[in-house]
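Student: Quick check, what structure comes out for this input:
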Amino acid sequence: MSETQIIVFPLARRVGKIRTAAATLKAMRTEKMARAYRAQITAVLLNHLCKLGVDPVERPERVCEFWRAVHDEIAKGMEGAA
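Tutor: Modelled structure (predicted):
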């Protein structure tokens, strides 16, 4: 019997979701609100990857890549404003 592999569209390439998360984080008034938002989105992303059947070992790295892309988007916006 052959082993199947699930290939999921990379979270770090979901430009719309990345831009939305970056804009939402930039609009947060307090660090506490930003932490709560990051925790909420992280839980949603992990749940999504779980439902897709992504290996549990790979899930944290994929979510980390997403947040790196969000951070890059925020930095890009700040560079453009300078």
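Student: List the contacts of residue 70.
Tutor: Residues counted as contacts of residue 70 (CB atoms under 8 Å, 6 or more residues apart in numbering) are 18, 21, 22, 25. For the C-beta atoms, the positions are set from N, CA and C on the backbone; glycine is no exception.
Student: tell me the contacts of the second one?
Tutor: Just to be clear, that refers to residue 21. For residue 21, the contacting residues are 41, 66, 70, 73, by CB under 8 Å, 6+ apart.
Student: Residue 40 now?
Tutor: Applying CB under 8 Å, 6+ apart, we find residue 40 in contact with no residue.
Student: Nearest to residue 77 among the contacts of residue 70?
Tutor: Nearest to residue 77 out of these is residue 22 (CB to CB; 6.8 Å).
Student: Skipping its backbone neighbours, what lies nearest the closest one in space?
Tutor: Excluding its sequence neighbours, the residue lying closest to residue 22 (CB to CB, 6 or more residues apart in numbering) is residue 73, at 4.0 Å.
Student: could I get the helix or strand hosting the one you found in CSV with only the CA atoms?
Tutor: Take DSSP states H and E as the rule and residue 73 turns out to sit in helix 59-81. The C-alpha trace of helix 59-81 is given here as CSV (Å, rounded to 0.1, in the frame of the first residue of the first chain):
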residue,chain,number,x,y,z
ARG,A,59,2.0,22.7,11.7
PRO,A,60,4.0,25.0,14.0
GLU,A,61,6.5,25.8,11.2
ARG,A,62,3.8,26.6,8.7
VAL,A,63,2.2,29.0,11.2
CYS,A,64,5.6,30.5,12.0
GLU,A,65,6.1,31.1,8.2
PHE,A,66,2.7,32.9,8.1
TRP,A,67,3.6,35.2,11.0
ARG,A,68,7.0,35.9,9.4
ALA,A,69,5.1,37.0,6.2
VAL,A,70,2.8,39.2,8.3
HIS,A,71,5.8,40.8,10.0
ASP,A,72,7.4,41.4,6.6
GLU,A,73,4.2,43.0,5.3
ILE,A,74,4.1,45.3,8.3
ALA,A,75,7.8,46.2,7.8
LYS,A,76,7.2,46.8,4.1
GLY,A,77,4.3,49.2,5.0
MET,A,78,6.6,51.0,7.4
GLU,A,79,9.3,51.4,4.8
GLY,A,80,6.8,52.8,2.4
ALA,A,81,5.6,55.4,4.9
